[in-house]
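>>> Take this sequence and fold it.
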Amino acid sequence: MHSLKSIFTDRLKSDLILLIAAIVWGGGFVAQRSASAHLGFFAFNGVRFLLGGLVMLPFIIKRLRNKPGQLLWILPAGAILFAGSSLQQAGITTTSAGTAGFITGVYVVLVPLLLSLFWKHKTKPVIWFAAIAALGGTYLLSTGGADLTPSKGNLIVLIGALVWAFHVIVVGFAVRKVDVFVFSVGQFLFCGMLHMVSSIFVSPPTWSAIQVSWLSILYAGLGSVVIGFTLQAIGQRKAPASDAALILSLESVFAAVFGALILAETMNFIQIVGCVIILTAIVVAQLPAFQPKSIENETPEKSQAGIHS
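Numbers count the residues shown, from 1 in each chain. All right, here's what the predicted structure looks like:
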């Protein structure tokens with residue numbers, strides 16, 4: 001059995017890894033917004049995911065031996081990643097960044113809801129309250145307290161939020177059964193190929209558009225894809241999916257920070273309050289894991305099986 005100290009250490013490491021992923025993804029919103037003016041959403045995602053997968057490929061060649069069953073997780077994860085990234089990028093180009101940020105944040109609540117509905121997972125009440133608080137904070141941060149105006153773009157991003165919730169859950173299943181790095185590279189390459197094939201029929205990438213967007217592509221490919229999704233996979237090995245979703249929801253906070261620093265965007269008082277609410281929700285959601293009674297009653301298998309019934 002894990003010692004009390006070991007459980008604390010594993011949990012803190014996982015939380016830190018997921019936090020770094022959220023920071024990287026927050027910066028990715030700037031890259032996505034910049035590239036959307038020059039590349040179609042299929043083309044942009046195709047280039048960045050293939051770039052990320054190809055950069056990591058040499059490092060996992062030796063890991064490919066004696067790895068049966070990898071495709072059973074790579075294919076569905078890659079397909080879900082394709083759907084989620086397509087919907088998010090398409091929505092960002094047809095609605096405001098603030099509205100898109102709020103709707104995407106809905107996945108924080110959808111994760112525990114889906115786990116309860118389809119996997120009969122028992123989610124602690126404090127996680128539900130923290131998820132609702134994080135959703136409210138995301139709303140304040142993304143919209144500044146303004147009402148949402150229904151539009152086609154909003155609906156696209158909302159469907160994308162549902163897909164992202166499923167991706168968080170699928171990753172949680174996969175990383176406990178397959179090699180994390182092989183899984184990550186596999187889903188990147190499969191997702192990238194699906195995007196490139198789709199772009200042929202919609203808006204193929206052009207060399208001139210790639211040249212103009214090269215900086216955004218590099219960040220989105222090497223940062224958001226290689227670093228962000230790999231850290232997500234590693235972090236979720238020791239963190240329950242519901243908790244992981246809450247920590248990853250901080251990407252909206254960092255998106256606002258990077259937007260202010262790089263795009264000279266500003267935050268009003270209500271948005272700052274939203275940041276505080278989200279940070280508080282994250283801390284509150286982690287408290288049950290540090291209660292001695294809960295930890296002693298939790299086996300290593302249960303501590304790593306956040307998405308199992």
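>>> By mean pLDDT, flag the weakest helix or strand of the chain.
Here the helix or strand of the chain ranked lowest by mean pLDDT, DSSP states H and E is helix 300-303, holding a mean of 30.
>>> Just read off the phi/psi values of K238.
Phi and psi for K238, reported as degrees, to the nearest 10, are phi -120, psi 0.
>>> and it, how many residues sit next to it?
K238 has 23 neighbours, counted by other C-beta atoms under 10 Å. In short, each C-beta sits where N, CA and C put it, glycine included.
>>> How confident was the prediction at the closest residue to it other than its chain neighbours?
In space, not counting the residues next to it along the chain, K238 is nearest to S14; the distance is 4.0 Å by C-beta to C-beta, 6 or more residues apart in numbering. We have a pLDDT of 87 for S14.
>>> what residues are up against S14?
Contacts here follow C-beta atoms under 8 Å, 6 or more residues apart in numbering; on that basis S14 touches 235-239, 244.
>>> Just name the closest of those residues to S224, please.
G235 (15.1 Å; C-beta to C-beta).
>>> quick one, what contacts the closest one?
Listed by C-beta under 8 Å, 6+ apart, the contact set of G235 reads 14-15, 17-18, 21, 244, 247.
>>> repeat for K177
By C-beta under 8 Å, 6+ apart, the contact set of K177 is 69, 73.
>>> Where does it sit: helix, strand or coil?
Using DSSP: H, G, I helix; E, B strand; the rest coil, the structure places K177 in coil.
>>> circling back to that earlier point, how about the contacts of S14 in CSV, adding distance to F41, pLDDT and secondary structure?
Shown next, in CSV, are those (distance: C-beta to C-beta, whole Å; pLDDT from 0 to 100; DSSP: H, G, I helix; E, B strand; the rest coil):
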residue, distance to F41, pLDDT, secondary structure
G235, 27, 87, helix
Q236, 26, 80, coil
R237, 31, 80, coil
K238, 33, 78, coil
A239, 30, 78, coil
A244, 26, 78, helix
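>>> Would you format those as TSV with distance to I92 included?
Output for the contacts of S14, formatted as TSV (distance: C-beta to C-beta, whole Å):
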residue	distance to I92
G235	25
Q236	25
R237	30
K238	31
A239	27
A244	23
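>>> between these, which is nearest A90?
Closest to A90, out of all of the contacts of S14 and judged by C-beta to C-beta, is A244, at 25.2 Å.
>>> I'd say that closest one and V168 touch.
Yes: judged on C-beta atoms under 8 Å, A244 makes contact with V168 at a distance of 6.4 Å.
>>> what do the two both touch?
What both A244 and V168 touch, as defined by C-beta under 8 Å, 6+ apart, is the set Q236.
>>> what about the stretch 201-309 of the chain, any weak spots by pLDDT?
241-242, 286-309 (pLDDT under 70).
>>> Ok, the stretch 1-150 of the chain next?
1-8, 66-68, 96-97, 147-150.
>>> mind listing the helices for the stretch 201-309 of the chain?
Assigned by DSSP state H, counting those that start in this stretch, the stretch 201-309 of the chain shows helices spanning 207-212, 214-218, 230-235, 241-248, 251-262, 269-286, 292-296, 300-303.
>>> so which of the ones you listed is the most packed in?
With neighbours taken as mean count of other C-beta atoms under 10 Å, those reach their highest mean count in helix 241-248, at a mean of 27.
>>> now stretch 174-189: mean pLDDT?
87.
>>> buried sites along that stretch?
Residues of stretch 174-189 classed as buried by neighbour count (16 or more other C-beta atoms under 10 Å): 174-176, 178-180, 182-189.
>>> If we ignore the residues flanking it in sequence, what's nearest D179?
Using C-beta to C-beta, 6+ apart and skipping residues adjacent in sequence, the residue nearest D179 is R63, 5.4 Å away.
>>> mind checking how far the one you found is from L57?
11 Å (C-beta to C-beta, to the nearest Å).
>>> Surely L39 and S208 touch.
No: L39 lies out of contact with S208 (C-beta under 8 Å); the separation is 10.4 Å.
>>> Common neighbours of these two, please.
By C-beta under 8 Å, 6+ apart, L39 and S208 have no common neighbours.
>>> I figured T123 hits S116, correct?
Yes: with contact defined as C-beta under 8 Å, T123 counts as touching S116 (5.8 Å).
>>> thinking again about what came up before, among the buried residues of stretch 174-189, which are located in helices?
Here DSSP state H is the test, and the buried residues of stretch 174-189 give 174, 180, 182-189 as lying in helices.
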